[in-house]
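Undergrad: Sequence first, predicted coordinates after that:
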Amino acid sequence: LEKTITVASPVTATITPEPVVPGTTVTFAWDLSGTNALDVVGVPNAMAPVPAAATSFVDLAQMQSAQSVVFTDKNEGAVLIQPGDGFRFPLLNKVYSSFTASTNGFLALAPMTALPTNVPFAMYTGAPMLAPFWDDLDVEDGAVLWAVEGDAFPRRLIVQWNKAHIHGDLTSELTFQVQLFETGEARFVFSKLQGAAALGQNASIGIFGGTDIWNSQFSHNPGVAAIAENQELTWFTNGAQNGMQAIKVANALTAGFFFKTAGGNWAYVSSRVRVFTSSTVQLTEVMPVAPSGADKGTWVELYNPGVD
């Protein structure tokens, strides 16, 4: 009996140096060359995506299972969304299960105020956010809706600003979405952009991952049209099968991403880095052993600063 077995190259992922102290910049390296991966998702790219024709818009206003965010202030409101059912969105080596929707066109990954005045990400120091249209908006005649679509991995969370106004312009009407997939893929999808400044002339569009971590600014108050109706921006897909990423670490973390195998399944590759501080390792008992060639009478003194 004979059987031929083809052995593929293994997937490798490493972080060096390791372990480290807080504030160290480490290198996360990976190699998927033996997998024939169909897609690599979740690896950040400093280059902002190029707008494409929208193909993924799902109108939550027509979906019975969609939920409406209840704002006490429809002009300057920010409300927590907790999808539940185990939904999680990975971004830059962290995983998020709750999100803050602002009337002003962004989704934050931590509790946040409404922030009606946008700033370039280079000057922003707040929580991580995904900003499809960060501007002074209101939903006085509209709503912010959300739903989790799908029963199998990867599901997607859709948050839709529906019939929002640019504040002060009642003739304007904006409908757009953030779509977050459990693989780490993110999409900004623009359906209706009606009004004098509805094409992002005064908006900040992009993803902010954290101060000194990573951000990608698609546009910020360009004064001219930045986007158009029926367009979408897709983030964190089509990553390199081999590559390296610099990460500045403060605490221990696991860096990783998903890739789609040649068979159409999803796999996760990762590596962990340990971060030691001055109080990370504590000795409670020490048994010194003298070298074999040591003279009799050699002794060892142990000293613990601050303890007599």
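TA: Yep, it's here.
Undergrad: Let me know the helix or strand that Leu157 is in.
TA: Leu157 belongs to strand 156-166 when assigned by DSSP states H and E.
Undergrad: thinking in terms of the whole chain, how far from its middle is the very next helix or strand once past that strand?
TA: Counting by DSSP H and E, the next helix or strand C-terminal to strand 156-166 is strand 169-181. Distance of strand 169-181 from its chain centroid, counting by CA atoms, centre = their mean, to the nearest Å, is 21 Å.
Undergrad: For strand 169-181, list every residue counted as buried.
TA: Ser172, Glu173, Leu174, Thr175, Phe176, Gln177, Val178, Gln179, Leu180, Phe181 (16 or more other CB atoms under 10 Å). The C-beta positions use only the backbone N, C-alpha and C, and glycine is treated the same way.
Undergrad: Dump these into JSON lines; add pLDDT and distance to Ser216 as well.
TA: Listed next are these as JSON lines, based on pLDDT from 0 to 100; distance: CB to CB, whole Å:
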{"residue": "Ser172", "pLDDT": "97", "distance to Ser216": "26"}
{"residue": "Glu173", "pLDDT": "98", "distance to Ser216": "27"}
{"residue": "Leu174", "pLDDT": "98", "distance to Ser216": "22"}
{"residue": "Thr175", "pLDDT": "98", "distance to Ser216": "23"}
{"residue": "Phe176", "pLDDT": "98", "distance to Ser216": "18"}
{"residue": "Gln177", "pLDDT": "98", "distance to Ser216": "18"}
{"residue": "Val178", "pLDDT": "98", "distance to Ser216": "14"}
{"residue": "Gln179", "pLDDT": "98", "distance to Ser216": "16"}
{"residue": "Leu180", "pLDDT": "98", "distance to Ser216": "15"}
{"residue": "Phe181", "pLDDT": "98", "distance to Ser216": "17"}
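Undergrad: Take those and write them to CSV, including distance to Pro132.
TA: Listed next are those as CSV, based on distance: CB to CB, whole Å:
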residue, distance to Pro132
Ser172, 16
Glu173, 15
Leu174, 10
Thr175, 11
Phe176, 5
Gln177, 7
Val178, 5
Gln179, 10
Leu180, 11
Phe181, 15
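Undergrad: which residues in the stretch 151-300 of the chain form strands?
TA: Ranges of strands within the stretch 151-300 of the chain are 156-166, 169-181, 186-194, 204-208, 215-220, 231-235, 242-248, 253-260, 266-273, based on DSSP state E, counting those that start in this stretch.
Undergrad: packing partners for the fourth one?
TA: Contacts defined by 3 or more CB pairs under 8 Å, 6 or more residues apart in numbering; DSSP states H and E place strand 204-208 against strand 129-134, strand 215-220.
Undergrad: got the buried residues for that strand?
TA: For strand 204-208, the neighbour count (16+ other CB under 10 Å) marks Ser204, Ile205, Gly206, Ile207, Phe208 as buried.
Undergrad: try the first one
TA: Using 16+ other CB under 10 Å as the test for burial, strand 156-166 gives Arg156, Leu157, Ile158, Val159, Gln160, Trp161, Asn162, Lys163, Ala164, His165, Ile166.
Undergrad: Please report the distance of the fifth one from Glu149.
TA: Using CB to CB, to the nearest Å, one obtains 12 Å as the distance from Gln160 to Glu149.
Undergrad: correct me, but Val269 touches Ala255?
TA: No: between Val269 and Ala255 there is no contact under CB atoms under 8 Å: 9.6 Å.
Undergrad: so what sits against both of these two?
TA: Taking CB atoms under 8 Å, 6 or more residues apart in numbering as the criterion, Val269 and Ala255 both touch Ala13.
Undergrad: So which of those two has more stuff around it?
TA: Higher neighbour count among Val269 and Ala255: Ala255, with 24 against 19, using other CB atoms under 10 Å.
Undergrad: Might you report the residue contacts of Met129?
TA: Residues in contact with Met129, defined by CB under 8 Å, 6+ apart, are Phe106, Leu107, Ala108, Leu109, Met112, Ile207, Phe208.
Undergrad: ok, the nearest residue to it once chain neighbours are set aside - contacts?
TA: Distance criterion CB to CB, 6 or more residues apart in numbering; nearest residue to Met129, sequence neighbours excluded, is Ala108 at 4.5 Å. Neighbouring residues of Ala108 by CB under 8 Å, 6+ apart: Ala78, Phe99, Thr100, Ser102, Gly126, Ala127, Pro128, Met129.
Undergrad: List just the nearest of these to His220.
TA: Of all these, His220 sits closest to Met129, with 13.3 Å by CB to CB.
Undergrad: All set now, cheers.
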